[in-house]
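>>> I would like the atomic coordinates for the input below:
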Amino acid sequence: MAIGGWRPKRAKGEDLIRHLYEEHGRSLLAYATRLTGDRAAAEDVVQETLVRAWKHADDLENGKGSVRGWLLTVARNIITDKVRARASRPQEVEEPAESPATTKDHAQGVVDSMTVLGAMDGLSPEHREVLVELYYRGHTVTEAAQSLGIAAGTVKSRSYYALRALRAVMQGKGTEAAR
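Residues are numbered from 1 along each chain as shown. I've put the predicted structure just below:
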């Protein structure tokens, strides 16, 4: 099958790929982008499709059906193979980059805990108990409400005002907002 009056056997590999890309590259790229959702991955698929077309120039010349159909089928098969390969391997996990913000020493953690505990002393007993239930004991609002014997809405309200008061105490604005 001649491609638009052009015969693959006579052309060298570079000419074949150039002609196929000029004629079908745009639709191949659009198709691969739609399937992968990633332009860079789609460009890799188009490149691999054209390499396979170069390797199978005889199939393009003697095959049945359209060249574009063959190229789109090859692109779809490449994408399918990549998806299957990714699914069969365990997910790769990157090592977290060490940064000053994420690497705290133990002493800093102790100082932070002491600072928060000291600031909590400036809160009212009601606000302090709600924060202890929610943040230190890890209870839900419903569990904290049951434990404290108050309504869930009251827990939400007290936690809101307790956090505001705690922030004020930590910023050195005093404890009048906490009472």
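>>> what sits against residue 29?
42, 43, 46 (C-beta atoms under 8 Å, 6 or more residues apart in numbering). Glycine gets a C-beta too; all of them are placed from N, C-alpha and C.
>>> helices - which of the residues you listed land there?
Among these, the members found in helices (DSSP state H) are 42, 43, 46.
>>> doesn't residue 28 make contact with the last one?
To tie it back to what came earlier, the one meant is residue 46. Yes. Taking contacts as C-beta atoms under 8 Å, residue 46 lies within contact range of residue 28: 4.9 Å.
>>> give the residues shared as contacts by these two.
What both residue 46 and residue 28 touch, as defined by C-beta under 8 Å, 6+ apart, is the set residue 75.
>>> give me the residue ranges of the protein where confidence is low.
1-13, 59-64, 91-93, 95-104, 173-179 (pLDDT under 70).
>>> just the helices in it please.
For the chain, applying DSSP H gives helices covering 13-36, 39-55, 57-62, 67-88, 106-120, 125-131, 141-148, 152-170.
>>> okay if I get these as JSON lines plus distance to residue 94?
Below are the helices of the chain laid out as JSON lines (distance: least, C-beta to C-beta, whole Å):
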{"stretch": "helix 13-36", "distance to residue 94": "21"}
{"stretch": "helix 39-55", "distance to residue 94": "18"}
{"stretch": "helix 57-62", "distance to residue 94": "41"}
{"stretch": "helix 67-88", "distance to residue 94": "15"}
{"stretch": "helix 106-120", "distance to residue 94": "25"}
{"stretch": "helix 125-131", "distance to residue 94": "35"}
{"stretch": "helix 141-148", "distance to residue 94": "35"}
{"stretch": "helix 152-170", "distance to residue 94": "34"}
